[in-house]
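Enquirer: Any chance you can model this:
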Amino acid sequence: MSVAILQHGDYLIASIQSDLTDGQVVDLGERLAERVGTDRARGIIIDVTAMDVIDSFVARSLRSIALMTRLRGAETVVVGIQPDVAIALVQFSLNLEPLHTALDLDEGRELLDRRTRGARRDAP
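Expert: As a prediction, this is how the structure comes out:
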């Protein structure tokens, strides 16, 4: 199952609805990096609410997506990390910098608004 990527203003929203294979995670990163340029996106929200497990490969891939898209000019925020998943990620002791997180979609959008304020196309 491929992850749908929707455009909402200056942002792209990728809502993951089920656990992904390693190949699907890599594909998502490539598609997001491409869409940042074609859609002129300033930010990306990746919603992982439906994911019960985020293993070390997926966590590193999310970090890589944040790095790739930053190089393309967009900030990335991951939203919806479940409590058990957050605990497991801490136990992995992974370096997830520069990955930004927020509780839900609304907080993710607010975080992107603050981080991209000077870069918005409609800014005065």
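Enquirer: got the residue ranges for the helices in the protein?
Expert: 22-39, 56-71, 83-92, 105-116 (DSSP state H).
Enquirer: OK, contacts around the residue nearest in space to the middle of the chain?
Expert: Compute the mean C-alpha point of the chain, and by CA atoms, centre = their mean the closest residue is Ile46, 3.4 Å away. Counting by CB atoms under 8 Å, 6 or more residues apart in numbering, Ile46 touches 14, 16, 62, 65, 76-79. Heads up, the C-betas are built off the backbone N, CA and C, glycines and all.
Enquirer: how close does it get to Gly108?
Expert: 9 Å (CB to CB, to the nearest Å).
Enquirer: got the contact list for the least confident helix or strand in the chain by mean pLDDT?
Expert: Ranked by mean pLDDT, DSSP states H and E, the weakest helix or strand in the chain is helix 83-92, scoring a mean of 91. Outside of helix 83-92, the residues within contact range by CB under 8 Å, 6+ apart are 48, 51-54, 56, 59, 81, 96.
Enquirer: what's the farthest-apart pair in the residues you listed?
Expert: Among the contacts of helix 83-92, the pair separated by the greatest distance (CB to CB) is Asp52 and Leu96, at 18.6 Å.
Enquirer: And those two? Which one has more around it.
Expert: Taking other CB atoms under 10 Å, Asp52 and Leu96 do not tie; Leu96 has more neighbours (15 against 10).
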